[in-house]
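# sequence plus predicted model, see below.
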Number of protein chains: 2
Amino acid sequence: MIKNIAITGGTHGNELTGVYLVKKWQNNPELIKRSNFTTITQLMNKKAIKEVRRYVDQDLNRSFSLTDLANDGLDAHEAKLAKELNELLGKKGSENPKVDFIVDLHTTTANMGLSIVVSNQSKITWRAIAYLCKMEPALKVYRWLGDIENAFVDSMAPHGFAIEVGAVPQGVLRADLFLKTEALVYHLLNYVEKENSGVDLDLDDEVEIYDHEVLVDYPRNDAGDIVAMVHQDRQDKDFTLIEKGKPLFLTLDNKTIVYEGESKYTLFVNESAYYEKGFAMTLAKKKRIKV
Amino acid sequence: MIKNIAITGGTHGNELTGVYLVKKWQNNPELIKRSNFTTITQLMNKKAIKEVRRYVDQDLNRSFSLTDLANDGLDAHEAKLAKELNELLGKKGSENPKVDFIVDLHTTTANMGLSIVVSNQSKITWRAIAYLCKMEPALKVYRWLGDIENAFVDSMAPHGFAIEVGAVPQGVLRADLFLKTEALVYHLLNYVEKENSGVDLDLDDEVEIYDHEVLVDYPRNDAGDIVAMVHQDRQDKDFTLIEKGKPLFLTLDNKTIVYEGESKYTLFVNESAYYEKGFAMTLAKKKRIKV
């Protein structure tokens, strides 16, 4: 039984879709009310939202490791904010969490369409994903099982994931993607209501996923500045296969750098926020997994 | 005779095309060297570039009014920076300016394609534009003759304009638009070289322009927060006619607001940086003018 779900927006202050969906639902709570559980909404980083910046001091969506949450010596705005949010929506790892399921709303400048980024392995999380894939066949699923602890917002709850929608620039609301994100959240709420009521959901027992393998950084000079761009043939090619020998980067001097690895799928191609994180795209393998 | 031209990039620190083109040319000055004039390059707002923000305190590209340049009491980072740049590239209004022509490189999150924003009425400026339109037929020209003094970067010189290229998110380099901007600048340098040498350029005596008429703001609530988005049917429709009764905005509550005015062209549709300036798009009339 899922007793409550939190819809969180504005984890990144310049990703407006989640910010305005949460505002909409705070003004119209009947839209997210269902019969057998409670829905909470939360604007996450209000200071960053006001400044239309991803974050003030550090990425809030990397600030929820148990180590950092337990460290009272951290001074960054988002480190402190993470502790407050963990009191409200956690506590992370607790046997009696305040929220059972977190769906965190994001946008990306990459051409990711309507997608889910998931690091949670729980049965409920994956049944929810299977339901959403059934209701929205264009939805894509990116699984990221890192070798370090998941420090994302949704890790505060036992179940959850992030919704990533793009391409949309930072600081921009696109009506088409706003509507798609909204519809996907309603599917999720309907899933929880049905799951709680014991209805047979007739879900596929397999889901197609893109499984994270590796990050690819931009070519950089000794000072760390980029010296090449994503090649124009690779731009906007998210969830698209790249084969050995195909153009990957174009240097500022107009030389093409080709991909040298084995065939994989490119994701998060040329996402604005990842320049500073040191990657130009991620590579994933497509597979079907049991849910 | 044009003795020198300045190519300026990074006036807005999160518009990377101009930043990296200037870096490219500073590393490869032979690319912008021509026979009968000097080309200067300048990274404009280095602090904002480092922080990947449009500006630190205020918009640098609105900081070049003669009044502000003469006001020693202004404390904003960009107000001080404008005075320094005016020493380097001006002085604005001087009879003996250090630079004859400024081309300021910008990007936009709006789907503006390859375009010029011009507020200068000089003969040389418009002959340059006529040449560029001949060399690049897809180029569009947006004329903005405000009723207040032009405070743009290019106003420091007797001749000049801005190049606006989009759609590209803030903080992103798109190879395709980088290459188009680069090619356009080379056309401009070739124009100056030919103009200086007295070659007959065989220019059209008319240029098609989009002449600025009015700004259209987002619908907002009493607190000033937006309550509607650009309608999905209008999104990406830059340099496109809008007729009375056609969808303009979609409220957060999914109600369509239609356009009530006479037919005009929409430009800068849903540009990220203009949410705070209070406009969702601009409206213009298409006309042909003598050059």
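Yep, that arrived.
# which parts of chain A belong to which domain?
Structurally, chain A divides into domains by automatic domain parsing as follows: A:4-204, A:209-290.
# can you pull the buried residues of stretch A:241-251?
A:242, A:246-251 (16 or more other Cβ atoms under 10 Å in any protein chain shown). Glycine gets a C-beta too; all of them are placed from N, C-alpha and C.
# near chain B, anything from that stretch?
Yes. Counting by Cβ under 8 Å from any Cβ of the partner chain, contacts between stretch A:241-251 and chain B involve residue A:250.
# how long is that stretch end to end?
Criterion Cα to Cα, to the nearest Å; first-to-last residue distance in stretch A:241-251 is 22 Å.
# list of residues touching that stretch?
A:216, A:218-219, A:227-234, A:256-266, A:280, A:283, B:175 (Cβ atoms under 8 Å, 6 or more residues apart in numbering or on different chains).
# so for it, what's the average pLDDT?
The average pLDDT within stretch A:241-251 is 98.
# around chain B, which positions in the stretch 101-250 of chain A sit nearby?
A:109, A:167-176, A:178-179, A:225-226, A:229-232, A:235, A:250.
# of those, which belong to strands?
Using DSSP state E, A:229-230, A:250 are the members of these that sit in strands.
# if we take the residues you listed, which one ends up nearest to residue A:41?
Among these, residue A:230 lies closest to residue A:41 (Cβ to Cβ), at 35.1 Å.
# tell me which residues touch that closest one, please.
So residue A:230 contacts A:218, A:248-250, A:269-270, A:280-281, B:173-175 (Cβ under 8 Å, 6+ apart).
# that one bridge partners, please.
Residues in a beta bridge with residue A:230, per DSSP bridges, are residue A:249.
# so what's it scoring on pLDDT?
With respect to pLDDT, residue A:230 has a value of 98.
# remind me which residues of chain A are low pLDDT?
Within chain A, no stretch has pLDDT under 70.
# and the biggest helix by length in it, what's buried?
The longest helix of chain A (DSSP state H) is helix A:175-197. By neighbour count on 16+ other Cβ under 10 Å, the buried set for helix A:175-197 is A:175-178, A:180-182, A:184-185, A:187-189, A:191-192, A:195.
# and that helix, how far out from the chain's middle?
16 Å (Cα atoms, centre = their mean, to the nearest Å).
# helices and strands around that helix, which ones?
Applying 3 or more Cβ pairs under 8 Å, 6 or more residues apart in numbering or on different chains; DSSP states H and E, one finds that helix A:175-197 contacts strand A:4-9, helix A:16-27, strand A:101-107, strand A:113-118, helix A:123-135, strand A:159-166, strand B:228-230.
# that helix to helix A:123-135, inter-axis angle?
Relative orientation of helix A:175-197 versus helix A:123-135 (axes from the mean of the first three to the mean of the last three Cα atoms, to 10 degrees): 130 degrees.
# output helix A:175-197 as CSV, nothing but the C-alphas.
Extracted as CSV, the C-alpha positions of helix A:175-197 are listed here (Å, rounded to 0.1, in the frame of the first residue of the first chain):
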residue,chain,number,x,y,z
ALA,A,175,3.6,24.2,-23.6
ASP,A,176,3.9,21.0,-25.5
LEU,A,177,6.3,19.4,-23.0
PHE,A,178,4.4,20.9,-20.0
LEU,A,179,1.3,19.1,-21.2
LYS,A,180,3.2,15.8,-21.8
THR,A,181,4.8,15.9,-18.3
GLU,A,182,1.4,16.7,-16.7
ALA,A,183,-0.2,13.8,-18.5
LEU,A,184,2.5,11.4,-17.4
VAL,A,185,2.1,12.4,-13.7
TYR,A,186,-1.6,11.8,-14.0
HIS,A,187,-0.8,8.3,-15.3
LEU,A,188,1.4,7.8,-12.3
LEU,A,189,-1.2,8.8,-9.9
ASN,A,190,-3.7,6.6,-11.6
TYR,A,191,-1.2,3.7,-11.3
VAL,A,192,-0.9,4.2,-7.6
GLU,A,193,-4.6,4.3,-7.1
LYS,A,194,-5.1,1.1,-9.1
GLU,A,195,-2.2,-0.6,-7.4
ASN,A,196,-3.5,0.3,-4.0
SER,A,197,-7.0,-1.0,-4.9
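# so that helix versus strand A:4-9, what angle?
Comparing the axes of helix A:175-197 and strand A:4-9 via the same axes, to 10 degrees yields an angle of 170 degrees.
# quick check: next helix or strand after helix A:175-197?
The helix or strand immediately downstream of helix A:175-197 is strand A:206-216, counting by DSSP states H and E.
# give the partner strands of that following strand in its sheet and their orientations.
Strand A:206-216 is paired, per DSSP bridges, with strand A:140-143 (parallel), strand A:281-290 (antiparallel).
# check the offset of the shortest one from the chain's centre.
Read it as strand A:140-143. In terms of Cα atoms, centre = their mean, the centre of strand A:140-143 is set 9 Å apart from its chain centre.
# what does the longest one give?
Offset of strand A:281-290 from its chain centre (Cα atoms, centre = their mean): 15 Å.
# buried residues in it?
Neighbour counts over strand A:281-290 (16+ other Cβ under 10 Å) mark A:281-284 as buried.
# for stretch A:123-130, same thing?
A:124-130.
# contacts for it, please.
Outside stretch A:123-130, the residues that touch it by Cβ under 8 Å, 6+ apart are A:2, A:100-101, A:116, A:118, A:141, A:158-161, A:188, A:191-192, A:195, A:201, A:203-204, A:207, A:291.
# ok, 7 Å please
Contact partners of stretch A:123-130, identified using Cβ atoms under 7 Å, 6 or more residues apart in numbering or on different chains, comprise A:2, A:116, A:118, A:141, A:159-161, A:188, A:191, A:195, A:203-204, A:207, A:291.
# quick one, the longest helix of chain A and strand A:113-118 angle?
Using the same axes, to 10 degrees: helix A:175-197 against strand A:113-118 is 40 degrees.
# how much space separates the residue lying farthest from the centre of chain A from chain B?
Computed with Cα atoms, centre = their mean, the residue of chain A farthest from its C-alpha average is residue A:253, at 34.1 Å. Here the criterion is Cβ to the nearest Cβ, to the nearest Å. By it, residue A:253 lies 7 Å from chain B.
# run the chain-centre distance for stretch A:5-23.
With Cα atoms, centre = their mean, you get 12 Å for stretch A:5-23.
# re the thing from before, for the domains of chain A, which one ends up most surrounded?
domain A:4-204 (a mean of 19; mean count of other Cβ atoms under 10 Å in any protein chain shown).
# that one: end-to-end distance?
Domain A:4-204: ends 25 Å apart by Cα to Cα.
# gap between the nearest residue to residue A:43 once chain neighbours are set aside and chain B?
Nearest residue to residue A:43, sequence neighbours excluded (Cβ to Cβ, 6 or more residues apart in numbering or on different chains): residue A:10, at 4.6 Å. Per Cβ to the nearest Cβ, residue A:10 is found 13 Å from chain B.
# equivalent analysis for residue A:143, please.
25 Å.
# brilliant, that's me finished.
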